[in-house]
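Novice: Requesting a structural model of the entry that follows:
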Amino acid sequence: MADQEEEDLRMALRMSMQNSPPEPKRSKPRDAGAPVASPEDLRRMKRELMAAAAEKRLLETRVDSPSPSQSPSPSKATVDRSPGKSTDFVRKEVDFGLKEGSSGKELSSEEANELFSMVFGSCVSNDILAQWSNQGIRFSPDPETSMGLVQHEGGPCGVLATIQAFVLKHLLFFPNEIGKFTSNLPQNLSSGGLSKSQYVASDNFSSLTEDAKARFLNNLPLHVFRLIGIALVKSMGEILFMCGNNKRAVIATLNVVGLDTEGFAKNEIIAKALEGLTIESASDLQKILRIDTYTSQTTALQKLHTALPVFQSRMGALLFLISALLSRGLDSIQADRDDPNLPLVTAPFGHASQEIVNLLLCGQAVPNVFDGRMDFGGGMFLKGISMSVEVGFLTLLESLNFCKVGQHLKCPKWPIWVVGSESHYTVLFALDTSVQDENELEERESQIRRAFDAQDQSGGGGFISVEGFHQVLREVDIRLPSEKLDHLCSTGFIVWSEFWQVILDLDKSLGGLKDSSGLMGKKVFDLCHFNGIAKSDINGSHATSGGETLVQRPRLTKLRVSVPPRWTPEEFMADVVVTSGPGGKESSGKDTEVTKPEPSQHAPLVDCIRTRWSRAVCNWVGDPPSIV
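Specialist: Here you go, the predicted model:
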């Protein structure tokens with residue numbers, strides 16, 4: 001039976017990938033009544049049905065209870081907003097109005113109004129509402145990006161990217177733990193007393209470090225696909241309990257009778273319930289939501305595992321956001337924010353705000369990315385990140401001097417970062433924790449920078465007062481010659497860049513970092529970048545009789561990153577060579593091959609990487625990584 005199940009699954013996977021690539025794209029929902037019966041639409045619908053069938057089978061973990069070989073995906077029917085359609089109204093009353101057999105509770109009218117206003121505000125457009133109610137939490141059916149969540153609509157990328165970051169954490173650094181997730185779920189989501197230095201990505205992921213053209217999770221054994229779904233369940237549970245101060249998790253699902261049904265019937269029930277449904281007001285939310293609160297992590301994981309088809313449906317991203325908000329508590333959410341009057345989903349494009357991303361990263365809906373809080377006196381202050389985090393955050397806006405990301409987000413426990421641009425969120429990650437290891441120079445730089453930032457009241461502007469400067473010198477034991485001290489203090493404030501240049505030229509005996517060899521700081525490592533929005537991919541093009549057809553798919557890019565040992569890129573390129581051994585790894589000894597570094601390639605992602613590793617030189621094969 002097990003062999004037949006695996007063969008059926010492989011067949012479903014092959015069928016789901018035939019003819020043309022996956023369909024995810026940034027787009028607005030189709031207008032009501034738009035034709036859907038074209039040959040291309042029919043082919044697309046067939047692919048989605050088969051992908052959903054494969055996905056359902058992949059998530060089954062009980063050998064003694066195999067799932068059906070096919071199960072249709074939740075419907076993506078066009079939204080009919082016309083109030084005169086009596087059949088749609090009757091369907092909604094039947095599917096969402098019944099209480100018999102439903103678990104959990106409904107939100108009150110007051111709670112629903114507060115929730116809707118907090119998320120969308122009072123003047124939200126139907127386009128934004130459609131974006132957030134037409135995005136499921138679904139993995140890519142494309143084999144080369146199968147560990148990645150696919151984004152269909154603009155807007156919810158902040159939710160998807162953050163979940164993606166936690167999924168990668170579990171897949172890369174805790175594969176053995178998620179492998180134990182069978183009918184008996186683990187007692188908690190924590191990593192216990194395990195040291196992160198013990199974990200390197202499992203051999204299943206090693207192809208990325210062996211061949212620049214190899215793609216992540218390509219041609220993996222069947223059990224690894226199952227682990228992806230389990231990693232999703234654990235990631236969602238971890239985020240929700242983090243939002244609930246590790247005391248509770250609230251799970252918002254659909255108020256649909258029959259969600260405990262197994263296999264094909266459950267997907268059919270969800271598809272029928274969502275057919276023709278629109279979310280245009282708080283009352284619409286109130287009708288469809290059912291809320292369950294859990295204090296046991298085991299029970300919450302069981303619920304999430306059972307409810308996965310709901311989160312894979314087109315309401316999935318919105319349901320998860322609501323779950324996180326309710327886990328934190330609406331009053332606590334408003335207390336976290338600097339301005340609770342603004343909606344969490346930003347106008348005019350419906351993007352997830354920084355408050356949403358921070359809530360999912362650290363459990364608090366604070367609006368800023370610096371460490372701690374910035375006190376302006378008189379009871380006025382701005383709130384930032386108050387604790388270390390599991391996965392971090394980098395942003396293009398820091399390279400443009402619009403903000404300053406603090407060390408909590410910049411140096412997370414695991415080498416995974418959500419990356420923000422002006423309009424989109426993606427994920428950057430490494431396969432090995434050693435990329436965050438600091439050498440002697442970096443440790444000293446971090447120590448001095450933390451002391452400097454603690455005195456910086458400019459909102460990340462990079463300058464401090466003379467009084468604060470003397471405090472920094474005392475804390476980090478720097479003894480500046482009187483002429484250098486007078487020069488730095490002559491303007492009444494001290495700029496970081498000028499101070500740092502003085503430190504680099506100051507001898508170690510005086511607390512500086514002067515290094516005659518310039519070689520102590522050299523680092524070479526690999527990073528990977530994932531963008532869930534479909535992009536044209538030269539590397540994945542298919543040959544046709546008329547030439548090559550570019551494949552539209554989520555994009556995964558591997559980058560080789562070299563951090564120069566000298567303190568300016570010009571010095572590095574002019575004077576210092578990079579040593580490389582077999583496999584492109586750094587080596588030492590008599591037989592070391594000495595080569596000049598490759599010229600750096602550039603893309604906006606490189607600017608983000610340089611906010612974490614200044615002066616980084618980045619290279620890749622094929623298309624440049626995209627953060628939009």
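Novice: residue ranges with poor pLDDT in the stretch 301-450 of the chain?
Specialist: The stretch 301-450 of the chain contains no residues with pLDDT under 70.
Novice: now the helices for it?
Specialist: For the stretch 301-450 of the chain, the helices identified by DSSP state H, counting those that start in this stretch occupy 308-312, 316-328, 330-336, 354-362, 396-399, 407-410, 440-454, in order along the chain.
Novice: Can I get these in TSV including distance to residue 134 and mean neighbour count?
Specialist: (C-beta placed from N, C-alpha, C; glycine too.) Formatted as TSV, the entries for the helices of the stretch 301-450 of the chain read as follows, by distance: least, CB to CB, whole Å; neighbours: other CB atoms under 10 Å:
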stretch	distance to residue 134	mean neighbour count
helix 308-312	13	24
helix 316-328	9	25
helix 330-336	24	16
helix 354-362	18	25
helix 396-399	27	18
helix 407-410	30	21
helix 440-454	41	16
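Novice: Need the three-state assignment for residue 562.
Specialist: When the structure is split into helix, strand and coil by DSSP: H, G, I helix; E, B strand; the rest coil, residue 562 lands in strand.
Novice: Give me the pLDDT for it.
Specialist: For residue 562, the pLDDT comes out at 92.
Novice: Name the nearest residue to it, ignoring sequence neighbours.
Specialist: Taking CB to CB, 6 or more residues apart in numbering, and ignoring the residues beside it in sequence, residue 562 has residue 617 as its nearest neighbour in space, at 4.5 Å.
Novice: Ok, residue 392 next?
Specialist: Nearest non-adjacent residue to residue 392 (CB to CB, 6+ apart): residue 412, at 3.4 Å.
Novice: Give me the neighbour count for the one you found.
Specialist: 22 (other CB atoms under 10 Å).
Novice: Low-confidence stretches in the stretch 151-300 of the chain?
Specialist: Scanning the stretch 151-300 of the chain residue by residue, the ranges that satisfy pLDDT under 70 are 179-226, 257-265.
Novice: ranges for the helices of it?
Specialist: Taking DSSP H, counting those that start in this stretch as the criterion, the stretch 151-300 of the chain contains helices spanning 157-173, 175-179, 207-210, 222-243, 264-274, 282-288, 297-306.
Novice: And the residue nearest to residue 392, how far from residue 423?
Specialist: Spatial separation of residue 412 from residue 423 under the definition CB to CB, to the nearest Å is 23 Å.
Novice: could the helices of the stretch 301-450 of the chain go into a markdown table alongside distance to residue 383?
Specialist: As requested, these are exported to a markdown table (distance: least, CB to CB, whole Å):
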| stretch | distance to residue 383 |
| --- | --- |
| helix 308-312 | 30 |
| helix 316-328 | 14 |
| helix 330-336 | 7 |
| helix 354-362 | 9 |
| helix 396-399 | 18 |
| helix 407-410 | 13 |
| helix 440-454 | 16 |
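Novice: Please report the distance of residue 168 from residue 228.
Specialist: Distance, residue 168 to residue 228, by CB to CB: 10 Å.
Novice: of the two, who's got more company?
Specialist: Comparing residue 168 with residue 228 by other CB under 10 Å, the one with more neighbours is residue 168, at 28 against 21.
Novice: Tell me how far residue 269 lies from residue 381.
Specialist: The span separating residue 269 from residue 381 equals 49 Å under the rule CB to CB.
Novice: Ok, residue 305 next?
Specialist: Residue 305 sits 41 Å away from residue 381 when distances are taken as CB to CB.
Novice: can you check residue 616 too?
Specialist: For residue 616, the distance to residue 381 equals 33 Å [CB to CB].
Novice: for residue 307, same thing?
Specialist: Spatial separation of residue 307 from residue 381 under the definition CB to CB is 39 Å.
Novice: more crowded one of these two?
Specialist: Set side by side, residue 307 and residue 381 give different neighbour counts by other CB under 10 Å, the larger being at residue 307 (24 against 13).
Novice: Just give the closest residue to residue 323, not the sequence neighbours.
Specialist: Once flanking residues are discounted, residue 323 sits nearest to residue 252: 4.6 Å by CB to CB, 6+ apart.
Novice: Actually, residue 133.
Specialist: The nearest residue in space to residue 133 (CB to CB, 6+ apart) is residue 279, at 4.5 Å.
Novice: got it, and residue 372?
Specialist: The nearest residue in space to residue 372 (CB to CB, 6+ apart) is residue 384, at 5.6 Å.
Novice: okay but the one you found is in contact with residue 370, surely?
Specialist: Yes: under the contact definition of CB atoms under 8 Å, residue 384 touches residue 370, with a separation of 4.2 Å.
Novice: Now do the shared contacts for the two.
Specialist: Where contact means CB atoms under 8 Å, 6 or more residues apart in numbering, the residues bridging residue 384 and residue 370 through contact with each are residue 406.
Novice: quick one, which of the helices of the stretch 301-450 of the chain is nearest to residue 239?
Specialist: Residue 239 sits nearest to helix 354-362 of all those, at 5.5 Å, using CB to CB.
Novice: elements contacting that closest one?
Specialist: Under the contact criterion of 3 or more CB pairs under 8 Å, 6 or more residues apart in numbering; DSSP states H and E, helix 354-362 touches helix 157-173, helix 222-243, helix 316-328, helix 330-336, strand 392-395, strand 416-420.
Novice: Make CSV from these and add distance to residue 500 to it.
Specialist: As requested, those are exported to CSV (distance: least, CB to CB, whole Å):
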stretch, distance to residue 500
helix 157-173, 30
helix 222-243, 35
helix 316-328, 38
helix 330-336, 33
strand 392-395, 20
strand 416-420, 24
